[in-house]
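Asks: Everything below, folded, please.
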Amino acid sequence: MGSREKRGAVDRRAMLKGMGAAGAVGILGFPAILRAQVKEIKIGSIQPMTGPLAAIGKTTRQGNQLAVDHVNAAGGIKSMGGAKLTLMPGDTQYKPEVARAETERLMREGVHVLTGAFDSGTINAMIQAIKQSTKPIPFVIDIGAADQLTQQGVKYVFRSFVTTTTLGRKGIEYMLEIFRLSGVTPKRAVLLHVSDLFGQVQKDRTLEWHKKLNAPFDFVEIISYPTVTQDLSTEISRAKAAKPDLLLAVTRLNDAILLVQEMYKQRVEVQAIMGPGNPGFYHPNFARTLGKLAEYTLDNVPWYNPKAPLTQRVAADYEKRYGEQFTTDSAWSYQGVMVIADVLERAGTTDPDKFVEAARKTNIKDHVISGGNIQFSENGDNIGASTAMIQVREGRSRVVLPKEMAEVDLKYPVPQLWERG
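Replies: Residues are numbered from 1 along each chain as shown. Have a look, this model is predicted:
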């Protein structure tokens, strides 16, 4: 193990001891050096707590809070004399102008670092506030995939999440593997996508990698719809008329539910409903609301590794505390704060430039998310971030690919919506 990895690794012994005693996860630190340091480190958690993404915001805030609680229960940031983490809440309302205002407010109130905010459009607004500030602070994007977020030359911005390029590539790769394993290959596909920034970019990346990897099906319809739609009957009618073998969708939670309900109502017959990178299909409310209609839905998503002992312990604590499944939203928002804690431990200070310097040396091997070691590229992206293909089975999202992470065997093609009892 190299010296850089030692500095960045999570201390498993501290984690296990803390989890057993108080549900905590510890992070590795040097012997405490007593300095004139802050006793409280303020992390601005800006999430979509109200508006169309409120259910998501609740989950991501819970993930942020659980990580804070684990770090504090394990002794805080030891290199800073045991300084405790505190979440300072902000609400984007799923509106870029509000996200920017909340960012500026929290910066005025003295937060040391920011995390959030699920939606790429609102994250972009937050980045502009940091970019134009005379006193910029670090921002670790816990969830937010649009490629351009880290391509603006803002050195204080890091992303632990995947990019839309990774989502697009992995989505098509997993589809090809599904077709190979099942021996069934679709010829015609329809792609429906929400019209916000993420939806537009994810549509583009899906089409890009479909071409690059020479996928065997043709897109016979590409259908866009508004972010706050309450009715997808027209869009689903168009999709049905195209006679697809496969329906691909990039949605948010509410429209994911509407989509499946409308497909059931109009009896759209497909081999599967699949997300090439879809935030709507994996949320617990999706399966909870749709019941058997949610079964067998496939989704390529940044997930967690269910086979990793650390993940199992953190997921169990999350589910015990909040009463719902550990998912993309909770796992990656949890890990975002754990990355912040790791960087602070090695920086030994809240100075923004020292934070950036330490962040560039990050190498976290033991974590809860899908992918390899967490390391940041020159522009701030996590080069180890990756995804898994999940499928709703018995009301719960479960990994089917890659094989080394799989919890259940893949089901493809799937029973039609009206054949599920």
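Asks: Okay, residue 413 and residue 183: tell me how far apart.
Replies: The gap separating residue 413 from residue 183 is 10 Å, by C-beta to C-beta, to the nearest Å. To be clear about C-beta, it is placed using only N, CA and C from the backbone, and glycine gets the same treatment.
Asks: Pick out whichever of these two has more residues nearby.
Replies: More crowded of residue 413 and residue 183, by other C-beta atoms under 10 Å: residue 413, with 15 against 7.
Asks: which residues touch the more buried one?
Replies: Residues counted as contacts of residue 413 (C-beta atoms under 8 Å, 6 or more residues apart in numbering) are 182, 184, 271-272.
Asks: Return a ChimeraX selection command for the buried portion of those.
Replies: Buried subset of the contacts of residue 413, written as a ChimeraX selection, criterion 16 or more other C-beta atoms under 10 Å:
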select :271,272
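Asks: just checking, which of the contacts of residue 413 belong to strands?
Replies: Among the contacts of residue 413, the members found in strands (DSSP state E) are residue 272.
Asks: From the contacts of residue 413, pick the one nearest residue 263.
Replies: For the contacts of residue 413, the residue nearest residue 263 by C-beta to C-beta is residue 272; the value is 11.5 Å.
Asks: Test my guess that the closest one contacts residue 295.
Replies: No: contact criterion C-beta atoms under 8 Å: residue 272 and residue 295 do not qualify, at 11.3 Å.
Asks: Common neighbours of these two, please.
Replies: In contact with both residue 272 and residue 295: residue 414, using C-beta under 8 Å, 6+ apart.
Asks: Distance-wise, check residue 221 relative to residue 174.
Replies: According to C-beta to C-beta, residue 221 stands 22 Å off from residue 174.
Asks: Please apply the same query to residue 55.
Replies: Distance, residue 55 to residue 174, by C-beta to C-beta: 26 Å.
Asks: Reduced to three states, what does the residue lying closest to residue 404 once chain neighbours are set aside come out as?
Replies: Among residues not flanking residue 404 along the chain, residue 307 sits closest, at 7.2 Å (C-beta to C-beta, 6 or more residues apart in numbering). With DSSP: H, G, I helix; E, B strand; the rest coil as the basis, the three-state label of residue 307 is coil.
Asks: Check the gap between residue 307 and residue 399 for me.
Replies: On the measure of C-beta to C-beta, residue 307 and residue 399 end up 9 Å apart.
Asks: quick one, what contacts the nearest residue to residue 48 once chain neighbours are set aside?
Replies: Of all residues not flanking residue 48 in the chain, residue 57 sits nearest, at 4.0 Å (C-beta to C-beta, 6+ apart). Each residue near residue 57 by C-beta under 8 Å, 6+ apart is listed here: 47-50, 91-92, 118.
Asks: Quick one: the strands in the stretch 151-300 of the chain, in order.
Replies: Along the stretch 151-300 of the chain, the stretches classed as strands by DSSP state E, counting those that start in this stretch are 157-159, 188-194, 218-225, 246-250, 272-275, 298-301.
Asks: re earlier: tell me the one of the contacts of residue 57 nearest residue 169?
Replies: Closest to residue 169, out of all of the contacts of residue 57 and judged by C-beta to C-beta, is residue 118, at 21.6 Å.
Asks: what number of residues lie near that closest one?
Replies: 29.
Asks: Please apply the same query to residue 163.
Replies: The local packing of residue 163 (other C-beta under 10 Å) involves 22 other residues.
Asks: Contact partners for it?
Replies: Residue 163 makes contacts with 145-147, 150, 381, 385, as judged by C-beta under 8 Å, 6+ apart.
Asks: repeat for residue 47
Replies: Per C-beta under 8 Å, 6+ apart, neighbours of residue 47: 56-57, 60-61, 64, 89-92, 116-118, 333.
Asks: My guess is the residue nearest to residue 404 contacts residue 388. True?
Replies: No: the criterion here is C-beta under 8 Å, and residue 307 misses it with residue 388 at 10.8 Å.
Asks: per the record, what domains does the protein have?
Replies: With domains defined by automatic domain parsing, the chain comprises 3-162+305-386, 165-301+389-419.
Asks: quick check: mean pLDDT across the longest one?
Replies: Going back to what we said before, that points to domain 3-162+305-386. Averaged across domain 3-162+305-386, pLDDT comes to 89.
Asks: How about residue 348, nearest residue that isn't a chain neighbour?
Replies: Excluding its sequence neighbours, the residue lying closest to residue 348 (C-beta to C-beta, 6+ apart) is residue 79, at 4.2 Å.
Asks: How about the secondary structure of that neighbour?
Replies: helix.
Asks: how close does it get to residue 356?
Replies: Per C-beta to C-beta, residue 79 is found 17 Å from residue 356.
Asks: one step back: which member of the contacts of residue 163 is positioned nearest residue 109?
Replies: Each of the contacts of residue 163 was scored against residue 109 by C-beta to C-beta, and residue 150 proved nearest at 25.6 Å.
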